[in-house]
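1. build me a structure from this.
(2 chains)
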Protein chains: 2
Amino acid sequence: MTEPESFSLETEVLVVGAGYAGLTAAACLAERGTSVVVLEAADRVGGRVLSEVRPSGVRIDHGGQWIGPTQRRFRALAERFGCRTFPTWETGRNAEIWHDGTRLDYTGALPPSGPGAGEYERITALLDDLARTVDLERPWATPRFAELDRWSAEEFFRAETSDEAVLRRLSLAVQGVWCAEPREISFFHVLFYVASAGGYEQLMETRGCAQDARFSSGADAVARALARQLGERVRLGAPVLSMRQDARGVEARTERGVVRARRAIVAVPPAVVERIAFDPPLPADRLGWLRHNPMGRVAKVHAVYEEPFWRAAGQSGIATLYGENPVGVVFDNSPQDASRGVLVAFVYADRLDRWAALGAGDRRRAVLAALSEVVGERALRPLDYAEMIWPRTGWTAGGYECFATPGGWAGHGRAGWRAPTGRIHWAGTETASVWNGYIDGAISSGERAAAEVAARREAAGQLR
Amino acid sequence: MTEPESFSLETEVLVVGAGYAGLTAAACLAERGTSVVVLEAADRVGGRVLSEVRPSGVRIDHGGQWIGPTQRRFRALAERFGCRTFPTWETGRNAEIWHDGTRLDYTGALPPSGPGAGEYERITALLDDLARTVDLERPWATPRFAELDRWSAEEFFRAETSDEAVLRRLSLAVQGVWCAEPREISFFHVLFYVASAGGYEQLMETRGCAQDARFSSGADAVARALARQLGERVRLGAPVLSMRQDARGVEARTERGVVRARRAIVAVPPAVVERIAFDPPLPADRLGWLRHNPMGRVAKVHAVYEEPFWRAAGQSGIATLYGENPVGVVFDNSPQDASRGVLVAFVYADRLDRWAALGAGDRRRAVLAALSEVVGERALRPLDYAEMIWPRTGWTAGGYECFATPGGWAGHGRAGWRAPTGRIHWAGTETASVWNGYIDGAISSGERAAAEVAARREAAGQLR
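-> Next comes the predicted model:
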């Protein structure tokens, strides 16, 4: 069963992972004349960003899909490769559907009223106030750092309110942004992340915010363009099994071959770093950090229809669902020309666990029933139906990103978050100070890691 | 830097991991004449059970240390190898120390009074009642399975009481048994585990229960005896990097060589299974299960004194601490002959995160201060002081064991808990129905996995 090793490469810098972080790091290094090899476990680039043209001819994004106006690194890269975007559809009435079946239709950014809306706004304003105290480059220098990191988001919310409607709103917000339950996530991490995005509204809203626009050719178009530019430097289907470092360099082994480099950039999510056997072992704080950074749990489900029939009825297709059904949030993901109608349903965290345990038929029925609550019973008969259950994918272990659990930042952040481990540098959106968790953060993390490597190599007089 | 491969082995069964589970599985197979190879990542056997003779001459157990009378598989194995035990010291007054400094001294099993003691007993009796409904072999057949698994232990406790003292008692119980916070653990998992041990008292108490006795030669003495019996079948320092299976067998690769086998038993904790690259990838439910099974977080700290001076003062050395200091539970871990006095302090979960982030001097001062609260200021001047921070050890990722988070059992338990994956079988205490999480459960899991393999091989007409 063993195949002979098919490559044995020497390079200046090895990059592990061909998501946006790894590809950006490799491109930065290649552009300054540094030799680089990228090893990617999967048989494609893009990581948690993946688009597919369905048999119906519609291109859908199974993973990350949006770009916002303040995501300037992502914008610059998209512009460089001529990847066009178009505004997320948000014309018409949005819907809130409550666990008791109550439906509230509204227009504009936030529901102006509805159960617990005022108290929800008070608490999210408090999040913004606290987020303004966060030091994004040195989070451990934030006032009351350790204290804030002891709380789960749930503990903070329950200390602020006992109103169940407010708690449901806050829970869905946490689910929607971190694909986790409030009990799981560090309250400091919530504040860090809010600060990293530039405010709570940036995380939640569409126009002018993180969900502003989509890509005509899929959100992985920029990654594919980067990979084309890197050419044969990128090797797919090559999971790194082990990395060994000593005073001279780093050696990575795969089933197909070996790469030796001066330095390495590991650009994979914290949740899968330990799939690589490190020699010497990773230091204690890096291990501690990894063990406090599980991956979020999300599925995206697309239903394709002849046309976006809800638009004619004055509905936007945007909905938030607080009920027992699996779906938390719905968006209109139709192509820009509206040649088909597409709804995307997000299934998060605990609700994902329960839904994923069902058989395929029951999963489909449950999602379509939720969509029919939003846009009517035509939703029950799609032309095409496609699920992407991210925790079931092998190489990324979930989505959208890893989040810190209580105690992770205070216990291990300073030494474990992104500090280099000898000749191994760390990239990935989870290491970003700005737009942490987003494609933009992945890109800046790749730039930062490439700069770290370049600085070390200049210091060593080895840079051309 | 690459060393040449030093072995290329063919065997009937490959076992990955030389903790109690793997060693037992290998011994069962070897005893029935099946050829077996055991690959162990660390340079020793025993996994989460590890004893050390300190310079002071005292042998301490850094990991699992106790045996109880109903742990019959562990007892049988210990008797077979002549490993002697002696009763855990529990003579004298125990202490409860509260967050406000209140100290309550008591004798006997449970504190007869004290803050919230009555309500605590009511709720733990309820746990026993609910645990009696658990189906240990087919947990998914338990009445109200999915409903119970949606709750965290925290949610259940808070639905039962709002008394802070009761909640502190329940939290320390969860920390002491699972090395986790109540918000982290599935309530169904708590019930399953209580049932698996034979009742809540079994988990909590000393005499007649899980903490009944200790080993004269360390709790890993039995593992070392098993390893001696297996001889050269056990290969240390050989982390498995990848496992590939097809219709004919399984091939495992390490840095030092390759093992080919008909079948494999993977006997490592769920939290580290994914360090192995599986080809084909693990099935969705196995991945889902693994991602709902983080490892507990615990440190054991030993302080050695000239003598067990607290005994003369009528104190048992057993204490539970509800305060802000790092220590949750203290036991007298002196050698049987009392030639030295030894206290062991347990640091759990969130308190461990905070404590582990301190420098070595601050960590020591904090633990010794807590011990001095228990037995007086002589505790501040030990002869010897030894920490084992389990989440900082590379190969086991924490301790005592992995626990299921909410939704894990209902979402993925049926197909993901311990069902074989083709030719790969799963062992480890986390797969046990009886004494799950304990050494006894590890042993029974090894027996069960060996029996699974033997049955498959008989069915295939391949067993000698």
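
2. let me see the contact set for the residue nearest the centre of chain A.
-> With distances taken as C-alpha atoms, centre = their mean, A:Y400 lies nearest the centre of chain A, 3.2 Å away. With contact set as C-beta atoms under 8 Å, 6 or more residues apart in numbering or on different chains, A:Y400 has these partners: A:R48, A:G63, A:G64, A:W178, A:C179, A:G296, A:V298, A:G437. Placement of C-beta: from N, CA and C, glycine included.

3. ok, 10 Å please
-> Under the criterion of C-beta atoms under 10 Å, 6 or more residues apart in numbering or on different chains, the neighbours of A:Y400 are A:48-49, A:63-64, A:176-179, A:269, A:295-298, A:390, A:429, A:437-439.

4. could I get the pLDDT score of it?
-> According to the model's per-residue confidence, A:Y400 sits at a pLDDT of 97.

5. need the helices for the stretch 301-450 of chain A, in chain order.
-> With DSSP state H, counting those that start in this stretch as the definition, the stretch 301-450 of chain A shows helices at residue ranges A:309-312, A:349-356, A:360-375, A:408, A:414-416, A:439-459.

6. what's the closest of these to chain B?
-> Nearest to chain B among those is helix A:349-356 (3.2 Å), distances taken as C-beta to the nearest C-beta.

7. just checking, what packs against that closest one?
-> The helices and strands touching helix A:349-356, judged by 3 or more C-beta pairs under 10 Å, 6 or more residues apart in numbering or on different chains; DSSP states H and E, are helix A:164-178, strand A:298-305, strand A:327-332, strand A:341-348, helix A:360-375, strand A:384-389, helix B:145-150, helix B:284-291.

8. tell me the mean pLDDT over that helix?
-> The predicted confidence, averaged over helix A:349-356, sits at 93.

9. return the alpha-carbon coordinates of it using PDB.
-> These are the backbone C-alpha positions of helix A:349-356, laid out as PDB (Å, rounded to 0.1, in the frame of the first residue of the first chain):
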ATOM      1  CA  ALA A 349     -23.800  24.900  17.200                       C
ATOM      2  CA  ASP A 350     -26.200  22.900  19.400                       C
ATOM      3  CA  ARG A 351     -28.900  23.000  16.700                       C
ATOM      4  CA  LEU A 352     -26.400  21.700  14.200                       C
ATOM      5  CA  ASP A 353     -25.500  18.800  16.400                       C
ATOM      6  CA  ARG A 354     -29.100  17.700  16.600                       C
ATOM      7  CA  TRP A 355     -29.800  18.300  13.000                       C
ATOM      8  CA  ALA A 356     -26.700  16.600  11.700                       C
END
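
10. tally up the residues packed near A:A26, please.
-> 29 (other C-beta atoms under 10 Å in any protein chain shown).

11. report the contact partners of it.
-> Residues counted as contacts of A:A26 (C-beta under 10 Å, 6+ apart) are A:13-15, A:17-18, A:34, A:36-38, A:226-227, A:229-230, A:233-234, A:265, A:267, A:446, A:450.

12. could you say which helix or strand contains it?
-> With the criterion set as DSSP states H and E, the secondary-structure element containing A:A26 is helix A:20-31.

13. dump the helices and strands packed on helix A:349-356 to TSV, plus distance to A:T206 and mean neighbour count.
-> Formatted as TSV, the entries for these read as follows, by distance: least, C-beta to C-beta, whole Å; neighbours: other C-beta atoms under 10 Å in any protein chain shown:
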stretch	distance to A:T206	mean neighbour count
helix A:164-178	12	21
strand A:298-305	17	24
strand A:327-332	8	24
strand A:341-348	13	26
helix A:360-375	16	18
strand A:384-389	21	18
helix B:145-150	31	20
helix B:284-291	30	23
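
14. could you dump the ones you listed to JSON lines with distance to B:L23?
-> Compiled in JSON lines, the helices and strands packed on helix A:349-356 are given as follows (distance: least, C-beta to C-beta, whole Å):
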{"stretch": "helix A:164-178", "distance to B:L23": "41"}
{"stretch": "strand A:298-305", "distance to B:L23": "40"}
{"stretch": "strand A:327-332", "distance to B:L23": "46"}
{"stretch": "strand A:341-348", "distance to B:L23": "41"}
{"stretch": "helix A:360-375", "distance to B:L23": "41"}
{"stretch": "strand A:384-389", "distance to B:L23": "37"}
{"stretch": "helix B:145-150", "distance to B:L23": "32"}
{"stretch": "helix B:284-291", "distance to B:L23": "23"}
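
15. ok, the closest residue to A:P308 other than its chain neighbours to A:E306 distance?
-> The shortest distance from A:P308 to any residue that is not its chain neighbour, by C-beta to C-beta, 6 or more residues apart in numbering or on different chains, is 3.4 Å, and that residue is A:G341. Look at A:G341 and A:E306: by C-beta to C-beta, to the nearest Å, they are 7 Å apart.

16. give me the common contacts of the two.
-> Shared between the contact lists of A:G341 and A:E306 (criterion: C-beta under 10 Å, 6+ apart) are residues A:R378, A:P382, A:L383.

17. ok, the last one - contacts?
-> I take that to be A:L383. Taking C-beta under 10 Å, 6+ apart as the test, what A:L383 contacts is A:R54, A:P55, A:S56, A:V58, A:A303, A:V304, A:Y305, A:E306, A:R340, A:G341, A:V342.

18. can you name the two of these that are farthest apart?
-> For these, the farthest-apart pair by C-beta to C-beta is A:P55 and A:G341; their separation is 16.0 Å.

19. picking up where we left off before, which among the contacts of A:Y400 are in contact with chain B?
-> Of the entries in the contacts of A:Y400, those that also sit close to chain B under the rule C-beta under 10 Å from any C-beta of the partner chain are A:M295, A:R297.

20. only C-alpha atoms, please: export stretch A:294-314 in CSV.
-> Listed in CSV are the C-alpha atoms of stretch A:294-314, where the atom choice follows Å, rounded to 0.1, in the frame of the first residue of the first chain:
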residue,chain,number,x,y,z
PRO,A,294,-12.2,24.6,19.4
MET,A,295,-13.7,25.2,16.0
GLY,A,296,-17.2,26.6,15.6
ARG,A,297,-19.9,24.3,14.3
VAL,A,298,-21.9,25.4,11.3
ALA,A,299,-23.7,24.0,8.2
LYS,A,300,-24.7,26.0,5.2
VAL,A,301,-27.7,24.7,3.3
HIS,A,302,-28.6,26.1,-0.1
ALA,A,303,-32.0,25.6,-1.8
VAL,A,304,-32.3,26.7,-5.4
TYR,A,305,-35.6,27.7,-7.0
GLU,A,306,-36.7,28.8,-10.5
GLU,A,307,-36.7,32.4,-9.3
PRO,A,308,-36.5,34.5,-6.1
PHE,A,309,-40.2,34.3,-5.8
TRP,A,310,-40.2,35.9,-2.3
ARG,A,311,-38.9,39.2,-3.8
ALA,A,312,-42.2,39.7,-5.7
ALA,A,313,-44.0,39.3,-2.4
GLY,A,314,-41.9,42.1,-0.9
